[in-house]
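# the following comprises the amino acid sequence and a computationally predicted model.
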Amino acid sequence: MDLIIDLGNTNKKLALFQHGELIDLRQFPILTLKSIRDFMHQHPGIENAILSSVITHPASLTRFLSASCNFLELDEKTPLPIKNLYQTPITLGKDRLAAAVAGSNMFPDNNVLVINTGTCITYDFVNENNEYLGGSISPGILMRFKALNTFTGKLPLVSFDDQLILTGTNTSESILSGVLTGAVAEIEGITSRYQQKYTDLKILLSGGDQKYFDKRLKISIFALPNIVIYGLQQILAFNVNNSK
């Protein structure tokens, strides 16, 4: 069995795969070493583990995992099932890289654009030659709401409202319109430019705000929740198989 640990900016996830199938997934606001120990105790037989972290984590975590199983910590030097052509791989977010791997694995020999809607909205492109070229990063929905409140004197902090308002009739509705309608238009606009440049483009959508966008985007997309988790498992399996 494979243990996947994803320490993101907002969510921390533990996942368990058996023969390439996801059999358990848990999410934590804060993930402690005790939580990982308990999870592994509940699932005896874990042979391999991968850790992806975009936050600072204690050295005790990596020491424990190294002593417990065949352990891999994802970094810019980790061998990948895709060719990474990003000019600054050391600065590339591990979540973006894992999402690109999952997209390429889902649609091999195709041009694939992966859109992940979380803390940020990220766009990551893998071409038909299995080459990761890069993409785009923009603020996520919550970040946009917070920015309007933080960097202005009087605009309120508006809560996420699952509706699409074109013309706001008060300040709160106007913020909702600007943020939500704007984010939908952004995604449709960026994907349209990729579609003009690359034929037979496959578009994958994932992330915490996936359901909101999935209902409103007027483009053909494939939804894959927890795409980063799947990509991490595929990176781990690639390295395990290559070490045999």
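Perfect, thanks for sending it. Residues are numbered from 1 along each chain as shown.
# and stretch 102-111, what's buried?
Along stretch 102-111, the positions that meet the burial threshold by neighbour count (16 or more other C-beta atoms under 10 Å) are A102, G103, S104, N105, M106, F107, N110, N111. All C-beta spots, glycine's among them, are computed from the backbone N, C-alpha and C.
# just these: which are in helices?
Of the buried residues of stretch 102-111, the ones assigned to helices by DSSP state H are A102, G103, S104, N105, M106.
# tell me the one of those nearest V179?
Set against V179, the nearest of these by C-beta to C-beta is G103 (26.2 Å).
# wait, the closest one touches Y123, no?
No: between G103 and Y123 no contact is recorded; they are 10.9 Å apart, counting by C-beta atoms under 8 Å.
# which neighbours do those two have in common?
Between them, G103 and Y123 share these contacting residues under C-beta atoms under 8 Å, 6 or more residues apart in numbering: L113, V114.
# ok, A15 - contacts?
Counting by C-beta under 8 Å, 6+ apart, A15 makes contact with L3, I4, D6, L22, D24, L25, R26, N226, I229, Q233.
# list phi and psi for it.
Here is the backbone geometry of A15 (degrees, to the nearest 10): phi -140, psi 150.
# and it, how far from D6?
From A15 over to D6 the distance is 7 Å, taken as C-beta to C-beta, to the nearest Å.
# sketch out the low-pLDDT regions of the protein for me.
Of all residues in the chain, those with pLDDT under 70 make up the ranges 244.
# run through the helices of it in chain order.
In the chain, the helices defined using DSSP H lie at 33-42, 59-68, 94-106, 141-150, 171-176, 182-197, 210-214, 227-243.
# doesn't D209 make contact with G140?
Yes: under the criterion of C-beta under 8 Å, G140 makes contact with D209 at 6.9 Å.
# spit out the residues that contact these two alike.
Both G140 and D209 are in contact with T117, G118, where contact means C-beta under 8 Å, 6+ apart.
# so between these two, which is more surrounded?
G140 (23 against 20; other C-beta atoms under 10 Å).
# and the more buried one, what does it touch?
For G140, the contacting residues are T117, G118, T119, C120, I121, D209, by C-beta under 8 Å, 6+ apart.
# rerun that using 10 Å as the cut-off
9-10, 116-122, 146, 179, 183, 207-209 (C-beta atoms under 10 Å, 6 or more residues apart in numbering).
# quickly list the domain ranges of the chain.
Domain ranges of the chain: 2-73, 83-230, per automatic domain parsing.
# quick check: end-to-end length of the shortest one?
Distances were taken as C-alpha to C-alpha, to the nearest Å; on that basis the terminal residues of domain 2-73 are 13 Å apart.
# what of the longest one?
With C-alpha to C-alpha as the measure, domain 83-230 spans 18 Å from end to end.
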